[in-house]
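Colleague: Got a sequence here, can you build the structure:
(2 chains)
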Protein chains: 2
Amino acid sequence: MPEFALIERLARAIPSRGPGVDLGIGDDAAVLAPEPGKRLAISSDTLNEGVHFLPGADPEALGHKALAVNLSDLAAMGAEPRWALLNLTLPEADADWLDAFARGFAGLATAHELALVGGDTTQGPLSLTVTVLGSLPAQGGLTRSGAGAGDRVFVSGTLGDAAYALGRRQAGVGDSAADLSGTDAALDRPSPRLALGQGLLRHATACIDVSDGLLADLGHVARASGLSAELELASLPGSETLLALPETQRWDLQLCGGDDYELCFTAPPERREAILALGEQLGLPLTEIGFMAATDGAASGAGGEATPAGHGLEPGGNVRCRRPDGSDYTPARPAWEHFSRPGLSGP
Amino acid sequence: MPEFALIERLARAIPSRGPGVDLGIGDDAAVLAPEPGKRLAISSDTLNEGVHFLPGADPEALGHKALAVNLSDLAAMGAEPRWALLNLTLPEADADWLDAFARGFAGLATAHELALVGGDTTQGPLSLTVTVLGSLPAQGGLTRSGAGAGDRVFVSGTLGDAAYALGRRQAGVGDSAADLSGTDAALDRPSPRLALGQGLLRHATACIDVSDGLLADLGHVARASGLSAELELASLPGSETLLALPETQRWDLQLCGGDDYELCFTAPPERREAILALGEQLGLPLTEIGFMAATDGAASGAGGEATPAGHGLEPGGNVRCRRPDGSDYTPARPAWEHFSRPGLSGP
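Modeller: Sure, this is the predicted structure:
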């Protein structure tokens, strides 16, 4: 199948028109008309076979996930999704694979009124790059750097399910990819928390999506805000499956598993009620899991060491985890790091 | 080297601030403030090792080219470059490779006042995706679809040098990659014709950049405009090296070689003088190479068959090539097509 035919096949299957699309797929570039008085949030992520997903992964799930992980970045900024570009590298032009991929992508694009306006298809080892653009108010917006000392830390949904499902699938004991009722759904069909992000524009001081693992991602917020963070392990929200695991296995999955695509955010204590009400309104559990503290150690209850050494995390090293008995906990696994640990397919 | 360190290394080497960058590299998404009253052109292209460039290619040349091929798309729209995102997939984190790549990218970004605002780095087979955003007036802009019957066809610079250099390099008889004075420069250091594209906003009816080969790319313009095109082979501009080749070898390189990144555009005959003056002002030769014709065959002098069969090009099949003696010429090689011919590294 020639490249032209591939692109046309994708463009037929995925919504490609929408507000602000003056010129879509098919020219040297797309032409977009941004809304007057708004700003743009833009993010781009690549998923590679053998690194970010297992060889032979279900193409429909991949289509969903390649878009979902990018929309999750827009959610973390509080942006409303508008447009996307897709760069698809395929070892061969397989019509069935392509149709299934497009179905997964189109389902999520349709749900969020997103138009596919460009990108390309090339030959090579399977790799998916999606770029998303969203609309933001002229002022405000969520960043990693706005947290204040004393702010509470919240997280949406549950943590650790995707990492648990990946571990089982790698060990050959996973549910089938088609079973979307359990932890596999978290791995294959993450739901970007777009409505939550937009609602948090009124409440949160900082926000990030949990892709690398809670410890690493909250570490990004703490570092960008010039603070440290403390987490109460007893508070970490988990699915029934996760809550049935031994404590340390569960904590490690929840702290370091990654691939959660929940939002972790901070807000002053007086916002707690409004935030919990927002969660109820969205039908999405929001859980308070800790607080932000000054890095001088004054807010740390155990010896004043604000950046505890020993868990080997950089730059998540400024997050302290408390067991239910008040003692410190150091997870066994480092956070997701492409270039400092072996990928799924080897080093 | 952890991913964070890779990103920071790139962000230090490549300009990352500029007009409209409210939030750059380092958060979940960049935040951009488009200029009031302007539109955005956006394009994204992927280059894969073994398909778009030879294994072991000079990383500094790759950094230049990955950006240049995308800027060339903005040039074809008449847009002014503003911002870029870079998705870099690397088999391993090699500091020397990364620094050389960043140098090549930064040189071109600096020359065009472009800010790198996002992207990611991942592990996998070497692949480079660049996304560029440019500014366009609220009205107008160049597309592929605006050509009219009777418009003249022009091309900038010379054609065929990059394909010639690639052929020599694959055969092991090329100049060294460091010799940028000859045809290698066209292959390794293409110059996106941004000033030309912006100048053509006042004159051209349609425009495309020559990446797939003149025949295929002019075919895109003809198809999008509902026309056919005729090329005078005697007019095709070539370097001294190309002009010294046997006629058919030269024509095939110029028609089908691709990777030229010149602009091919159409304009009414009365615009010819103004266009040639623009070329002189920019120090860039612009050559008239043919004309657009209605597809009913009325404008075709040889039997009225507007879409001659036989050269196997789709969708470039609506371009007729005339030898100096007036007879039709059909090139021996099909245009660049990722999925319908073997890549550089095999099928």
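
Colleague: Would you map the strands across the stretch 101-250 of chain A?
Modeller: For the stretch 101-250 of chain A, the strands defined by DSSP state E, counting those that start in this stretch cover A:115-123, A:127-137, A:152-156, A:206-209, A:227-232.

Colleague: tell me the pLDDT at the residue nearest to residue A:23 when sequence neighbours are not counted?
Modeller: Leaving aside its chain neighbours, residue A:23 sits nearest to residue A:31 (3.9 Å; criterion: Cβ to Cβ, 6 or more residues apart in numbering or on different chains). In short, each C-beta sits where N, CA and C put it, glycine included. pLDDT, residue A:31: 97.

Colleague: How is residue A:31 classified with respect to secondary structure?
Modeller: Counting by DSSP: H, G, I helix; E, B strand; the rest coil, the backbone at residue A:31 sits in strand.

Colleague: Contact partners for it?
Modeller: Contacts for residue A:31 (Cβ atoms under 8 Å, 6 or more residues apart in numbering or on different chains) come out as A:22, A:23, B:39, B:40, B:41, B:77, B:136, B:141.

Colleague: Counting neighbours, what do you get for residue A:280?
Modeller: 11 (other Cβ atoms under 10 Å in any protein chain shown).

Colleague: How about residue A:124?
Modeller: When counting by other Cβ under 10 Å, one arrives at 23 neighbours for residue A:124.

Colleague: How about it: what's its closest non-neighbour residue?
Modeller: Using Cβ to Cβ, 6+ apart, the closest residue to residue A:124 is residue B:48 (3.6 Å).

Colleague: doesn't that neighbour fall inside a strand?
Modeller: Yes - assignment of residue B:48 by three-state DSSP places it within a strand.

Colleague: ok, whichever residue of the stretch 101-250 of chain A sits closest to chain B to residue B:146 distance?
Modeller: Going by Cβ to the nearest Cβ, chain B is nearest to residue A:124 of the stretch 101-250 of chain A, at 3.6 Å. Here residue A:124 is placed at a distance of 34 Å from residue B:146 (Cβ to Cβ, to the nearest Å).

Colleague: Are stretch A:62-73 and chain B in contact anywhere?
Modeller: Yes - for stretch A:62-73 and chain B, the contact criterion (Cβ under 8 Å from any Cβ of the partner chain) is met by residue A:73.

Colleague: Give me the helix or strand of chain A that scores worst on average pLDDT.
Modeller: Across the helices and strands of chain A, mean pLDDT, DSSP states H and E gives its lowest value to helix A:3-13, namely a mean of 81.

Colleague: how far off strand A:115-123 does it point, in degrees?
Modeller: Here helix A:3-13 runs at an angle of 150 degrees relative to strand A:115-123 (axes from the mean of the first three to the mean of the last three Cα atoms, to 10 degrees).

Colleague: If we go by neighbour counts, what in helix A:3-13 is buried?
Modeller: A:3, A:4, A:5, A:6, A:7, A:9, A:10, A:11, A:13 (16 or more other Cβ atoms under 10 Å in any protein chain shown).

Colleague: Closest to chain B out of those?
Modeller: When those are compared against chain B (criterion: Cβ to the nearest Cβ), the nearest one is residue A:3, at 5.1 Å.

Colleague: how near is the closest one to residue B:216?
Modeller: Distance from residue A:3 to residue B:216, by Cβ to Cβ: 10 Å.

Colleague: Any regions of the stretch 201-347 of chain A where pLDDT drops low?
Modeller: Within the stretch 201-347 of chain A, the segments meeting pLDDT under 70 span A:296-317, A:333-347.

Colleague: one more time with 50, if that's ok
Modeller: Along the stretch 201-347 of chain A, the parts satisfying pLDDT under 50 run over A:297-316, A:336-338, A:340-347.

Colleague: how about low-confidence regions in the stretch 51-200 of chain A?
Modeller: A:177-180.

Colleague: before we move on, the earlier item: which of the strands of the stretch 101-250 of chain A is buried the deepest?
Modeller: Counting by mean count of other Cβ atoms under 10 Å in any protein chain shown, strand A:206-209 has the highest mean neighbour count of those, with a mean of 28.

Colleague: chain center to that strand, what's the gap?
Modeller: 10 Å (Cα atoms, centre = their mean, to the nearest Å).

Colleague: Residue A:246: neighbour count?
Modeller: Neighbour tally, residue A:246, other Cβ under 10 Å: 8.

Colleague: which ones are touching it?
Modeller: Counted by Cβ under 8 Å, 6+ apart, residue A:246 has zero contacts.

Colleague: any idea how far residue B:58 is from the closest residue to residue A:225 other than its chain neighbours?
Modeller: The spatially closest residue to residue A:225, leaving aside those adjacent along the chain, is residue A:147, at 3.9 Å (Cβ to Cβ, 6+ apart). Using Cβ to Cβ, residue A:147 is found at 44 Å from residue B:58.

Colleague: Ok, residue A:249 next?
Modeller: In terms of Cβ to Cβ, residue A:249 sits 48 Å off from residue B:58.

Colleague: Which of the two has more residues huddled nearby?
Modeller: Shown here are residue A:249 and residue B:58; by other Cβ under 10 Å, residue B:58 has more neighbours (18 against 14).

Colleague: Am I right that that one is in contact with residue B:189?
Modeller: No - if you go by Cβ atoms under 8 Å, residue B:58 and residue B:189 don't touch, sitting 10.2 Å apart.

Colleague: picking that back up, enumerate every residue touching the residue nearest to residue A:225.
Modeller: A:205, A:206, A:221, A:222, A:225, A:227, A:266, A:292.

Colleague: Just the ones of those in helices?
Modeller: The helices, defined by DSSP state H, take in A:221, A:222, A:225 from the contacts of residue A:147.

Colleague: right, and the first one touches residue A:264 too?
Modeller: The one in question is residue A:221. Yes - in this structure, residue A:221 is within contact of residue A:264 by Cβ under 8 Å, at 7.0 Å.

Colleague: Residues in contact with both of the two, list them for me.
Modeller: By Cβ under 8 Å, 6+ apart, the residues touching both residue A:221 and residue A:264 are A:207, A:208.

Colleague: need the strands of the stretch 101-250 of chain A in JSON lines with distance to residue A:244, can you?
Modeller: JSON lines is the format used below for the strands of the stretch 101-250 of chain A (distance: least, Cβ to Cβ, whole Å):
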{"stretch": "strand A:115-123", "distance to residue A:244": "41"}
{"stretch": "strand A:127-137", "distance to residue A:244": "34"}
{"stretch": "strand A:152-156", "distance to residue A:244": "20"}
{"stretch": "strand A:206-209", "distance to residue A:244": "26"}
{"stretch": "strand A:227-232", "distance to residue A:244": "20"}
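
Colleague: Nearest to residue B:185 among these would be which one?
Modeller: Among the strands of the stretch 101-250 of chain A, strand A:115-123 comes nearest to residue B:185, with 24.3 Å by Cβ to Cβ.

Colleague: and that closest one, what other elements does it pack with?
Modeller: helix A:3-13, strand A:30-32, strand A:80-90, helix A:95-111, strand B:38-48 (3 or more Cβ pairs under 8 Å, 6 or more residues apart in numbering or on different chains; DSSP states H and E).

Colleague: Please pull up the helix or strand immediately following the first one.
Modeller: Per DSSP states H and E, helix A:3-13 leads on to strand A:21-23 as the next helix or strand towards the C-terminus.

Colleague: neighbouring strands for that following strand, and are they parallel or not?
Modeller: Taking DSSP bridges as the criterion, strand A:21-23 sits next to strand A:30-32 (antiparallel) in its sheet.

Colleague: quick one on the thing from earlier: show me the contacts for the residue nearest to residue A:124.
Modeller: A:89, A:122, A:123, A:124, A:125, B:125, B:126, B:127.

Colleague: Would you point out the most distant pair within those residues?
Modeller: Distances among these were taken as Cβ to Cβ; the most separated pair is A:123 and B:126, at 14.0 Å.
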